[in-house]
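Novice: Got a predicted structure plus its sequence, pasted below:
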Amino acid sequence: MIKIESQVFVYVQDDTGQPLMPTKRYGHVRRLIANGKAKVIRANPFTIRLLYQTTKHKQPIVLGIDSGYENVGFSAVTAKEEVLSGEMTLLKGQSDRIKERSSYRRTRRSKLRYRKPKFDNRKKVEKTLAPSIENKLEAHIRLINVTRSIIPITEVIVEVANFDIQKLKDESIEGVSYQKGEQY
């Protein structure tokens, strides 16, 4: 679920659906919609599509994504200001859902009496990701695609950082001391 916090701008698309620079001119947007020169595409974030051809002047916009375990923060900035920010909550318990689906499938197949064995007709796929990691990757790609449909992004920066929580609490920790943590 993507939650967008910045509601200052009205996001604009041209007549072909390509994103243009967002605007703060609410009166102009209201008149465009009232005169039939624009239509509302999305309510959250508020996005309009122009129904006439216009110039396509765009500024460079950088989308920064801070990837976390449960939440992903994102922010799109120009040289002067932030045009979009928000947070996306990642799906939890993917491996549990896969196990549950597998048990349902096993139960369903065990009720069939004369079913041919199907364990030999599977292809082994090389280098696959774990389902939870694959879901996280797809969520990041979806987030980038949604923001690209709203604003003209020129660069995407994904911050992936591993850090040592025990080292943050105690800077002198090293070696065997890691094994003697809080729950030792």
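Specialist: Perfect, I can see it now.
Novice: can we go C-alpha only for contacts and neighbour counts from here?
Specialist: Noted.
Novice: Flag every buried residue along the helix or strand where residue 30 lies.
Specialist: Here residue 30, judged by DSSP states H and E, is contained in helix 26-34. Within helix 26-34, the residues scored as buried using 16 or more other C-alpha atoms under 10 Å are 29, 32-33.
Novice: With just CA atoms, put it into CSV.
Specialist: Extracted C-alpha coordinates of helix 26-34, given in CSV (Å, rounded to 0.1, in the frame of the first residue of the first chain):
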residue,chain,number,x,y,z
TYR,A,26,-5.1,25.3,-8.1
GLY,A,27,-7.4,28.0,-9.6
HIS,A,28,-5.9,27.4,-13.1
VAL,A,29,-6.4,23.6,-12.6
ARG,A,30,-10.0,24.2,-11.5
ARG,A,31,-10.8,26.3,-14.5
LEU,A,32,-9.2,23.8,-16.9
ILE,A,33,-11.5,21.0,-15.5
ALA,A,34,-14.6,23.3,-15.5
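Novice: List of residues touching that helix?
Specialist: Helix 26-34 is contacted by residues 10, 38-40 when judged by C-alpha atoms under 8 Å, 6 or more residues apart in numbering.
Novice: Got a quick ChimeraX command for the buried subset of those residues?
Specialist: Those of the contacts of helix 26-34 that meet the burial criterion (16+ other C-alpha under 10 Å) are gathered into one ChimeraX selection, given here:
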select :10,38,39
